[in-house]
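**Student:** the following comprises the amino acid sequence and a computationally predicted model.
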Amino acid sequence: MTTVVVQKWEESERGWSVRPDGYSLHLTEADRKAYVDSYWKAMPDQVPDEYSRPSGAPYTADVEEDTYNLVATSEQGVRIYDNTYPGSEGTDGWKHPATVHG
C-alpha cells in the first residue's frame, strides 16, 4: 500500500442543494493545492448554476498500487466520481452512509 492525499468534493446546484461529488487523489499536499487552484482558475467569472467545490479537510489514505500509479501518472491528481471514500474518510465533510453512526 502507498499513501496519497484525498480531497472530497461536493456539487452545488442552484435551486436544489449540495450533495457529495466524489473525491480527488494527489501525491502531495502541494499537488492537491495546485489541482484545486487550477480548478478555480478554470471557472467562469460568475457563479454557474451547477459546480463542484472541495468539501472538508484533506486527509491521507493508503491505496492499492494500481491506484497510486494512476495518480502518479497524472499531472497534479485524478478525480474519482464515487462517494465511497478511501481510508478513514477524514474528520469532516461527507461520510459514506455505512460509516455514519447515530
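**Tutor:** Received it, and whenever you're ready, just let me know what you need.
**Student:** just checking, what's the longest strand in this protein?
**Tutor:** strand 50-63 (DSSP state E).
**Student:** buried residues in the very next helix or strand once past it?
**Tutor:** Once strand 50-63 ends, the next helix or strand along the chain (criterion: DSSP states H and E) is helix 65-72. Neighbour-count burial for helix 65-72, with 16 or more other C-beta atoms under 10 Å as criterion, is recorded at Thr67, Tyr68, Val71. For glycine as for every other residue, the C-beta is placed from the backbone atoms N, C-alpha and C.
**Student:** now those in a markdown table, with distance to Tyr59 and pLDDT?
**Tutor:** Compiled in a markdown table, the buried residues of helix 65-72 are given as follows (distance: C-beta to C-beta, whole Å; pLDDT from 0 to 100):
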| residue | distance to Tyr59 | pLDDT |
| --- | --- | --- |
| Thr67 | 16 | 95 |
| Tyr68 | 16 | 96 |
| Val71 | 15 | 97 |
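**Student:** in CSV, list these along with distance to Thr28.
**Tutor:** Shown next, in CSV, are those (distance: C-beta to C-beta, whole Å):
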residue, distance to Thr28
Thr67, 16
Tyr68, 13
Val71, 10
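**Student:** out of the residues you listed, which is nearest to Pro58?
**Tutor:** Taking C-beta to C-beta as the measure, Pro58 lies nearest Val71 of those, at 13.6 Å.
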